[in-house]
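J.: structure, please.
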Amino acid sequence: MKKFLLIVVLFISSLSYSQDVHFSQIQECPLWLNPANAGFMNGYFRAVANYRNQWAAMGNAYQTMALSVDASTLKTKKGKAYLGMGLFVFNDRAGVAKMGSTQAQIHLNAIIKTSKKSKLGGAVYLGFNQNSANYAALTYESQYNGKEIDNTLGTGEAVTYASFINSDVGVGLNYEFSSANIDMLRDDIFSLKIGGAVHHLNQPVQKFASGSTYKLPMRFVGNVQSRIDIKGTKVAILPSVIFLSQGTASEITVGTHVRYRFKNPTKVTGVKSETGINIGVYYRVGDAIIPQINVDLGKYAVGVAYDLNISKYKMVSNYQGGFEIYFKFMTLDDALFKRKREHGLN
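T.: Got it, this is the predicted structure:
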């Protein structure tokens with residue numbers, strides 16, 4: 001009778017001591033990755049919606065959804081500093097009991113133009129987490145009537161777990177260098193972005209049960225991303241490395257997209273933006289191979305990914321991991337008059 005409760009306790013413990021639930025297309029969930037991504041982009045406004053369905057082979061899979069909006073504000077003709085602002089909402093549910101969390105965060109990012117080709121951002125986020133579960137949906141051995149589980153039978157169990165809300169604080173830094181060989185048709189771009197963040201800086205207490213003193217470990221993030229246009233072609237390479245560490249768990253994801261450009265932007269009016277398709281493969285070390293594809297239509301983009309599980313769990317998962325999709329809208333600053341306005345040239 002107590003065996004099932006023990007399994008539940010172990011499951012909760014595994015959630016507590018493991019990393020936060022996350023996405024494979026991490027670079028496409030920018031505020032989850034680093035609060036210093038708020039407003040830190042080649043555009044003025046961005047909205048991203050993410051959805052992930054993981055471990056379908058085990059039944060009642062993890063379902064994770066996120067929505068972020070961010071913008072750059074206070075840009076002036078002569079100013080070397082401006083502000084990035086963002087709002088991030090995250091929801092995750094798993095299992096029969098729909099155990100999971102809902103998070104909401106406000107991000108503030110101070111961005112400084114360190115030169116004509118580089119910028120630096122430092123950010124903080126403030127938010128809250130609500131953790132909950134429908135424990136009434138759980139069934140027990142004592143409800144077996146000889147043929148099946150009968151939900152009308154009493155469980156004889158006293159569930160002491162509770163839902164709770166706590167605060168959350170995090171900080172982050174970003175540095176980006178970008179240069180271009182400019183001509184009349186298009187710019188051949190080289191960019192390098194380096195970022196780091198610390199999430200759950202206040203280590204909120206996880207009050208799953210009365211008297212609980214367990215604190216959520218801080219999550220450390222480091223990432224390097226680049227874009228390298230191959231001169232004289234329509235091809236660019238977009239490599240990245242992302243490191244995550246939380247408690248005793250850590251992971252490294254490394255890989256690249258290859259981008260094929262469909263058309264160049266109109267540089268003066270900005271009526272048309274660069275469009276293309278990105279095809280890539282990433283490797284989460286010791287865990288999964290992740291093919292990805294996304295279509296970039298300028299202001300709009302959509303991408304999908306699938307985790308091919310290669311960890312020890314593959315005997316159960318049959319190499320299935322998780323399906324993921326994102327949608328993005330962004331107003332761009334690729335028009336010449338917009339770039340002039342940013343650099344105070346008009």
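
J.: other SSEs contacting the longest strand seen in the chain?
T.: Ordering each strand of the chain by length in residues (DSSP state E) puts strand 164-182 first. Secondary-structure packing of strand 164-182 (3 or more C-beta pairs under 8 Å, 6 or more residues apart in numbering; DSSP states H and E): strand 99-115, strand 118-132, strand 187-199. C-beta: built from backbone N, CA, C; applies to glycine.

J.: now those strands in CSV, with distance to L67 and mean pLDDT?
T.: What follows is these, written out as CSV (distance: least, C-beta to C-beta, whole Å; pLDDT from 0 to 100):
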stretch, distance to L67, mean pLDDT
strand 99-115, 10, 93
strand 118-132, 14, 94
strand 187-199, 18, 92
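
J.: want to throw those strands into TSV with distance to A301 and mean neighbour count?
T.: As requested, the helices and strands packed on strand 164-182 are exported to TSV (distance: least, C-beta to C-beta, whole Å; neighbours: other C-beta atoms under 10 Å):
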stretch	distance to A301	mean neighbour count
strand 99-115	21	18
strand 118-132	22	19
strand 187-199	17	18
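
J.: those: which one's closest to F164?
T.: In terms of C-beta to C-beta, the element of these nearest to F164 is strand 118-132, at 5.7 Å.

J.: how far off centre is the closest one?
T.: Taking C-alpha atoms, centre = their mean, to the nearest Å, one finds the center of strand 118-132 at 12 Å from the center of the full chain.

J.: neighbouring strands - and their directions - for the longest strand of the chain?
T.: Sheet pairing of strand 164-182 (DSSP bridges) gives strand 118-132 (antiparallel), strand 187-199 (antiparallel).

J.: could you dump those strands to JSON lines with distance to K299?
T.: Converted to JSON lines, the strands paired with strand 164-182 look like this (distance: least, C-beta to C-beta, whole Å):
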{"stretch": "strand 118-132", "distance to K299": "22"}
{"stretch": "strand 187-199", "distance to K299": "18"}
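
J.: one step back: want to throw the helices and strands packed on strand 164-182 into CSV with distance to R227?
T.: Output for the helices and strands packed on strand 164-182, formatted as CSV (distance: least, C-beta to C-beta, whole Å):
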stretch, distance to R227
strand 99-115, 18
strand 118-132, 15
strand 187-199, 5
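
J.: how about N202: what's its closest non-neighbour residue?
T.: V169 (4.6 Å; C-beta to C-beta, 6 or more residues apart in numbering).

J.: swap in K328?
T.: A301 (4.4 Å).

J.: wait, P35 touches A197, no?
T.: Yes: P35 is within contact range of A197, at 6.3 Å (criterion: C-beta atoms under 8 Å).

J.: quickly list what's touching both of these two.
T.: Common neighbours of P35 and A197, counting by C-beta atoms under 8 Å, 6 or more residues apart in numbering, are G170, V171, G172.

J.: whichever of those end up buried, select them in ChimeraX.
T.: A single ChimeraX command selects the buried members of the shared contacts of P35 and A197 (16 or more other C-beta atoms under 10 Å):
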select :170,171,172
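
J.: for Q246, state which of the shared contacts of P35 and A197 is nearest.
T.: G170 (12.2 Å).

J.: for stretch 201-211, which positions count as buried?
T.: Of all the residues in stretch 201-211, those buried under the rule 16+ other C-beta under 10 Å are P204, Q206, K207, F208.

J.: mind putting those into TSV with secondary structure?
T.: Putting these into TSV (DSSP: H, G, I helix; E, B strand; the rest coil) gives the following:
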residue	secondary structure
P204	coil
Q206	coil
K207	coil
F208	coil
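
J.: can you put these in JSON lines and add pLDDT and distance to Y44?
T.: What follows is the buried residues of stretch 201-211, written out as JSON lines (pLDDT from 0 to 100; distance: C-beta to C-beta, whole Å):
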{"residue": "P204", "pLDDT": "92", "distance to Y44": "33"}
{"residue": "Q206", "pLDDT": "84", "distance to Y44": "38"}
{"residue": "K207", "pLDDT": "81", "distance to Y44": "41"}
{"residue": "F208", "pLDDT": "75", "distance to Y44": "42"}
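
J.: and those residues, which two are furthest apart?
T.: Top of the distance list for those (C-beta to C-beta): P204 and F208, 12.2 Å.

J.: shared neighbours of those two, anything?
T.: Among the neighbours of P204, none is also in contact with F208 (C-beta under 8 Å, 6+ apart).

J.: could you count how many residues lie near the nearest residue to G247 once chain neighbours are set aside?
T.: Spatial nearest neighbour of G247, chain neighbours left out: P217 (3.8 Å); criterion: C-beta to C-beta, 6+ apart. Under the neighbour criterion other C-beta atoms under 10 Å, P217 is assigned a count of 19.

J.: for A249, see how far away P217 is.
T.: Look at P217 and A249: by C-beta to C-beta, to the nearest Å, they are 9 Å apart.

J.: so what sits opposite H107 in the bridge?
T.: For H107, the beta-bridge partners are G86, Y125 (DSSP bridges).

J.: give me the distance between it and L308.
T.: Note on H107: its distance to L308, by C-beta to C-beta, is 33 Å.

J.: dump the residue contacts of the residue nearest to P204 when sequence neighbours are not counted.
T.: Spatially, and ignoring its direct neighbours in sequence, P204 is nearest to N166 (3.8 Å; C-beta to C-beta, 6+ apart). N166 makes contact with F128, N129, P204, V205, Q206, K207, according to C-beta under 8 Å, 6+ apart.
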